[in-house]
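Asks: The following block contains a protein sequence and its predicted model.
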Amino acid sequence: MVKIKKTEAQWREELSPEQFWVCRQKGTERSFTGEYNDNKTEGVYHCLCCGAPLFESETKYDSGSGWPSFYTALSEQVEEHTDRSHGMQRTEVTCARCDAHLGHVFPDGPKPTGQRYCINSMSLRFQAGDKKED
């Protein structure tokens, strides 16, 4: 996979201020405000910044958290990192291609994985009917 590297100025030019804050500065949108929290359409969720496919709709579920939640990610497209901000330890999820901040993953999800990928809608672009290409 070829990494996408851009300067802060380039990202600021391409993204809205809110998108830049979430995707490049590790912000978090307010719960229950994201465009995709209640989306039930079949398709694929892609990285807003680079277009990499990240999550398939069949793995999305209603966690009640107020953010789109998935029980698994397209593993080759998502990276996990230790996040010690805000006085706690969590696992941050980023796009493997462009390092965009997506959200966090928690070990309290449903079967079969037990994982809850809690993702900011603002870091995603949804394509209905889309299927991940191998």
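Replies: Arrived safely, thanks for sending.

Asks: from here on, contacts and neighbour counts on C-alpha atoms
Replies: OK.

Asks: what residue is smack in the middle of the chain?
Replies: Central residue check for the chain by C-alpha atoms, centre = their mean: the C-alpha nearest the mean position is that of residue 102, 3.3 Å away.

Asks: Mind telling me what element that residue is part of?
Replies: Element membership for residue 102 (DSSP states H and E) is strand 101-106.

Asks: Just the residues contacting the helix or strand that that strand is followed by, thanks.
Replies: Scanning forward in sequence from strand 101-106, with DSSP H and E defining helices and strands, the next element found is strand 116-119. Applying C-alpha atoms under 8 Å, 6 or more residues apart in numbering, the contact partners of strand 116-119 are 63, 65, 67-73, 93, 102-110.

Asks: Tell me the buried residues within those residues.
Replies: For these, burial is judged from neighbour counts taken by 16 or more other C-alpha atoms under 10 Å, and it is met by 63, 67-73, 93, 102-105, 109.

Asks: Which one of these is nearest to residue 33?
Replies: Residue 33 has its nearest neighbour among those in residue 67, at 8.0 Å by C-alpha to C-alpha.

Asks: Assign a three-state SS to the closest one, would you?
Replies: Look at residue 67: counting by DSSP: H, G, I helix; E, B strand; the rest coil, its state is coil.
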